[in-house]
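**Q** predicted coordinates and the sequence they were generated for:
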Amino acid sequence: MAKRELLYRGHTVEELQKKPIEDISRLLTSRARRTMRRGFDEQQVKLLERVAKARREGQKKPLRTHCRDMVILPDMVGLRFAVYNGRDFVDVEVTGEMIGKYLGEFALNRKPIKHGSPGVGATRSSMFVPIK
């Protein structure tokens with residue numbers, strides 16, 4: 001069976017990589033479009049320059065960044081990022097499905113809560129539970 005080609009709003013990733021950023025921003029969601037219209041800050045511009053350099057050189061190791069609010073663009077597809085989550089760097093492999101989302105969405109900064117069993121004395125019924 002042939003592998004199905006990924007389309008983002010009717011365009012392949014290769015087509016999107018050839019388009020200018022202004023055309024790409026029209027395809028994104030309103031929040032990402034607004035972020036791009038307001039312009040990138042210094043940290044985001046620096047990350048985009050590092051992405052272009054990594055593309056040219058074919059860099060294999062992940063790009064370390066604190067820039068969690070960067071919109072994932074088609075130029076980033078196929079690269080690896082190490083996104084800071086407040087404690088350590090989380091590896092993120094960018095795929096075509098991630099276009100238009102933010103890097104921070106894939107590096108969770110809160111642990112999922114895992115509740116244990118209630119302790120002795122936590123409820124009225126636990127008064128009658130024998131202690132081992």
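**A** Cool, the structure landed. Numbering: from 1, shown residues only.
**Q** what is the burial count for residue 33?
**A** By other C-beta atoms under 10 Å, 16 other residues sit near residue 33. Quick note: C-beta positions are derived from backbone N, CA and C, even for glycine.
**Q** ignore what I typed, I meant residue 59.
**A** There are 14 residues near residue 59, going by other C-beta under 10 Å.
**Q** isn't there a strand covering it?
**A** No: assessed with DSSP: H, G, I helix; E, B strand; the rest coil, residue 59 is coil; it does not lie in a strand.
**Q** report the contact partners of it.
**A** Residue 59 makes contact with 53, 79 under the criterion C-beta atoms under 8 Å, 6 or more residues apart in numbering.
**Q** for it, what are phi and psi?
**A** Phi and psi for residue 59, reported as degrees, to the nearest 10, are phi -70, psi 140.
**Q** if I look at it, how far off is residue 47?
**A** Residue 59 is 13 Å from residue 47, where distance means C-beta to C-beta, to the nearest Å.
**Q** now do residue 99
**A** Distance from residue 99 to residue 47, by C-beta to C-beta: 16 Å.
**Q** ok, residue 4 next?
**A** Taking C-beta to C-beta, one finds residue 4 at 31 Å from residue 47.
**Q** those two: which is more packed in?
**A** residue 47 (20 against 6).
**Q** just to check, the more buried one is in contact with residue 66?
**A** No: using C-beta atoms under 8 Å as the test, residue 47 is too far from residue 66 to be in contact (9.4 Å).
**Q** in this structure, which spans are helices?
**A** 13-18, 21-27, 30-38, 42-57 (DSSP state H).
**Q** tell me which other helices or strands the longest one touches.
**A** For helix 42-57, the elements it packs on are strand 63-65, judged by 3 or more C-beta pairs under 8 Å, 6 or more residues apart in numbering; DSSP states H and E.
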